[in-house]
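J.: No letters, just coordinates:
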């Protein structure tokens with residue numbers, strides 16, 4: 001079942017109001033655009049038929065006007081030959097042709113008025129269709145933006161993000177421990193190398209020798 005029942009319904013429609021009342025605005029705008037497009041095709045087809053009818057009628061008028069001239073000539077010819085009966089019959093046919101021309105011209109004028117209405121309707125329908133398409137683009141952008149925001153929030157608050165953050169905290173803890181271990185090794189001065197150890201041994205020997213010599217001198221003085 002269509003949203004609109006006729007062209008005038010579309011022209012008078014408030015697209016914003018229809019979307020505000022719709023449970024599914026995206027689906028509603030697609031339906032509105034589809035029906036507008038179909039109606040526009042129908043109105044254009046009607047206008048095309050009207051134009052074709054006008055052309056055919058105008059050709060018929062030209063033929064009827066020529067027939068009037070022909071019957072007038074025949075009436076004159078019949079009178080010149082003394083055939084009043086034939087002249088009268090020719091004038092009757094001429095009157096018929098004239099009546100056809102007058103009636104057909106009235107029909108052409110009526111079609112012209114109808115075509116003008118069709119053209120106005122087409123312009124209004126096209127404007128409504130542009131409005132609907134603009135609303136569709138804006139609506140789709142809003143839906144896409146909302147979807148992206150939802151995905152982003154799910155990523156931020158989701159289990160995968162929480163797990164990643166937890167693993168990151170573990171790595172930070174490991175880095176802290178490694179740095180602390182290095183800092184602890186530096187406590188109490190710089191670490192002694194192998195060369196430092198041997199140099200210390202030599203220094204101890206020299207001190208011991210000097211101490212022994214000092215004791216010997218003191219003993220000799222006391223003795």
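T.: Done, it's in. Since this is a predicted model, take the numbers as computed values, not measurements.
J.: all helices of the chain, in order?
T.: Ranges of helices within the chain are 7-12, 15-21, 25-80, 84-157, 159-185, 194-222, based on DSSP state H.
J.: Tell me which other helices or strands the first one touches.
T.: For helix 7-12, the contact count by 3 or more C-beta pairs under 8 Å, 6 or more residues apart in numbering; DSSP states H and E identifies helix 25-80, helix 84-157 as packing neighbours. The way it works is simple: take the backbone N, C-alpha and C, and place the C-beta from them, glycine included.
J.: any idea which of those scores lowest on pLDDT?
T.: The stretch with the lowest mean pLDDT among the helices and strands packed on helix 7-12 is helix 84-157, at a mean of 85.
J.: Make CSV out of the helices of the chain and add mean neighbour count.
T.: CSV is the format used below for the helices of the chain (neighbours: other C-beta atoms under 10 Å):
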stretch, mean neighbour count
helix 7-12, 16
helix 15-21, 13
helix 25-80, 15
helix 84-157, 14
helix 159-185, 10
helix 194-222, 9
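J.: returning to what we had before: now tabulate the helices and strands packed on helix 7-12 in TSV and tack on distance to residue 195.
T.: Putting the helices and strands packed on helix 7-12 into TSV (distance: least, C-beta to C-beta, whole Å) gives the following:
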stretch	distance to residue 195
helix 25-80	80
helix 84-157	57
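J.: Among those helices, which comes closest to residue 211?
T.: helix 84-157 (73.9 Å; C-beta to C-beta).
J.: show me what contacts the spatially most central residue of the chain?
T.: By C-alpha atoms, centre = their mean, the chain has its centre lying nearest to residue 137, at 3.7 Å. Applying C-beta atoms under 8 Å, 6 or more residues apart in numbering, we find residue 137 in contact with no residue.
J.: and it, how far is that from residue 38?
T.: 20 Å (C-beta to C-beta, to the nearest Å).
J.: Ok, residue 64 next?
T.: Taking C-beta to C-beta, one finds residue 64 at 39 Å from residue 38.
J.: likewise residue 129?
T.: Look at residue 129 and residue 38: by C-beta to C-beta, they are 11 Å apart.
J.: Could you do residue 58 as well?
T.: Distance from residue 58 to residue 38, by C-beta to C-beta: 31 Å.
J.: One more: residue 11?
T.: Separation of residue 11 from residue 38 (C-beta to C-beta): 15 Å.
J.: Kindly report the same for residue 10.
T.: Residue 10 is 10 Å from residue 38, by C-beta to C-beta.
J.: same deal with residue 138?
T.: 23 Å.
J.: which residue sits closest to residue 30, ignoring its sequence neighbours?
T.: The shortest distance from residue 30 to any non-neighbouring residue, by C-beta to C-beta, 6 or more residues apart in numbering, is to residue 136 (7.3 Å).
J.: The one you found: what's it in contact with?
T.: 29-30, 33.
J.: What is the nearest of those to residue 50?
T.: Nearest to residue 50 among these, with distances taken as C-beta to C-beta, is residue 33, at 25.8 Å.
J.: which residue sits closest to that closest one in space, ignoring its chain neighbours?
T.: Closest to residue 33 by C-beta to C-beta, 6+ apart is residue 132, at 5.0 Å.
J.: wait, doesn't that neighbour sit right on residue 31?
T.: No: using C-beta atoms under 8 Å, residue 132 is not in contact with residue 31; the gap is 10.1 Å.
J.: quick one, domains of this structure?
T.: Taking automatic domain parsing as the reference, the chain has its domains at 7-157, 159-191, 193-223.
J.: What confidence value was assigned to residue 13?
T.: Listed pLDDT for residue 13 reads 77.
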